[in-house]
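Q: I'll drop the sequence and a predicted model, then ask my questions.
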Amino acid sequence: MAAVLPPIMSTGGSGTSTPQGTWGAPTAATIAGGIATLTGPGTWSIDTEAAAASDDLDKLLGLVEGDEVVIFAANDARTIVCKNATFLKIGADFSLNNAYDSITLLCIGSDVCVLKGGPMDNGS
């Protein structure tokens, strides 16, 4: 018999625990100058600045330590390039080039660290 494990919890920086996967509908955010401003943990649909074909995402604002976010491209026709640098510690640049690509990030203070991403083959 398989063990039943409790759900992963996210405090969302508010101290209130929420089971992972119960965040509801995604919230929209738009990149401005390489930055997307979020209002806390959850699922986020990110769009490019001025509906550009591609845009770099360098930094996420509005998160506190312990917040977990799932981000994906808002539009199949536009690519979000998550840039591996000072604020996104994800190992390599990661392109969200359709609405089904996603990346899950954990805020660890002033930086954000990747937990997992998909799909496994993130080619162009």
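A: Yep, that arrived. For clarity, every value in this text was computed on a predicted model and none was experimentally measured.
Q: tell me the contacts of residue 54?
A: Residue 54 is in contact with 48, 78-81, counting by C-beta atoms under 8 Å, 6 or more residues apart in numbering. Heads up, the C-betas are built off the backbone N, CA and C, glycines and all.
Q: helix, strand, or coil at the residue nearest the centre of the chain?
A: The residue lying closest to the centre of the chain (C-alpha atoms, centre = their mean) is residue 71, at 3.2 Å. For residue 71, the secondary-structure state derived from DSSP: H, G, I helix; E, B strand; the rest coil is strand.
Q: neighbours of the residue nearest to it when sequence neighbours are not counted, how many?
A: Nearest non-adjacent residue to residue 71, counting by C-beta to C-beta, 6 or more residues apart in numbering: residue 44, 4.7 Å away. Under the neighbour criterion other C-beta atoms under 10 Å, residue 44 is assigned a count of 22.
Q: who does the helix or strand where residue 44 lies touch, helix- and strand-wise?
A: Using DSSP states H and E, the element containing residue 44 is strand 42-47. Using 3 or more C-beta pairs under 8 Å, 6 or more residues apart in numbering; DSSP states H and E, the elements in contact with strand 42-47 are strand 27-30, strand 68-73.
Q: thank you kindly, that will do.
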